[in-house]
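Asks: Coordinates for the following, if possible.
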Amino acid sequence: MPVGQPLRGVSDLQGAEICAEILSRCVPTAEEKGINLCIELLNSRVNHPGYMCDSTEWGVHLCKMVGSERVALLYDIYHMQIMEGDLIRTIQDNLQWFKHFHTAGNPGRNDMDETQEIYYPAIARALAATDYDGYVGHEFGPLGEDRIAAARAAFETWKVD
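Replies: Below you'll find the model as predicted:
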């Protein structure tokens, strides 16, 4: 079965139970080594049809089922804009479950500029106002030829005074 295709007859709850069982087998090693196991929230509408971990609610439920602080979510802002919107409130309400963030403009996974519907400066300020001390990874495809300038612009977008 191709990756990302829904399993016939497997409900969201059953899928979460299967994932929790498998992740629970990895938890002792993750806890011993002090590493995080991050499950990435992706969209199932545009890029990953059939992907089960496509909502914050499902991901948080999975983390709670596993019951280890080493199992957390990678909150991909691009994907969650497509699936849920309400980004800042979702981040603030669920921050304890997020160990990493990804960015990209929407639509198109491009630069985080004025052509995109996500206003990243507000998201950066909201995240900076919390106690989050993890990573934000810029995962976008620059439209222009100067990739260094695009990376610099992404960095500046997230620079909060």
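Asks: rest of the way, CA atoms for contacts and neighbours
Replies: Noted.
Asks: looking at this protein, which residue ends up farthest from its center?
Replies: Here the chain reaches farthest from its C-alpha mean at residue 145, the gap being 26.9 Å by CA atoms, centre = their mean.
Asks: what's the top helix by length along the chain in contact with?
Replies: Counting by DSSP state H, the longest helix found in the chain is helix 12-33. Helix 12-33 is contacted by residues 36-37, 52, 58, 61-63, 65-66, 68, 70-71 when judged by CA atoms under 8 Å, 6 or more residues apart in numbering.
Asks: What residues of that helix count as buried?
Replies: Neighbour counts over helix 12-33 (16 or more other CA atoms under 10 Å) mark 15-17, 19-20, 23-24, 27, 30 as buried.
Asks: In these, find the pair that's most separated.
Replies: 15 and 30 (21.7 Å; CA to CA).
Asks: Narrow the contacts of helix 12-33 to just the buried residues.
Replies: 36-37, 52, 58, 61-63, 65-66, 68, 70-71.
Asks: Distance of the residue most central in space within the chain relative to residue 84?
Replies: When CA atoms, centre = their mean is applied to the chain, the residue found nearest the centroid is residue 75 (1.9 Å). Distance of residue 75 to residue 84, given as CA to CA, to the nearest Å: 12 Å.
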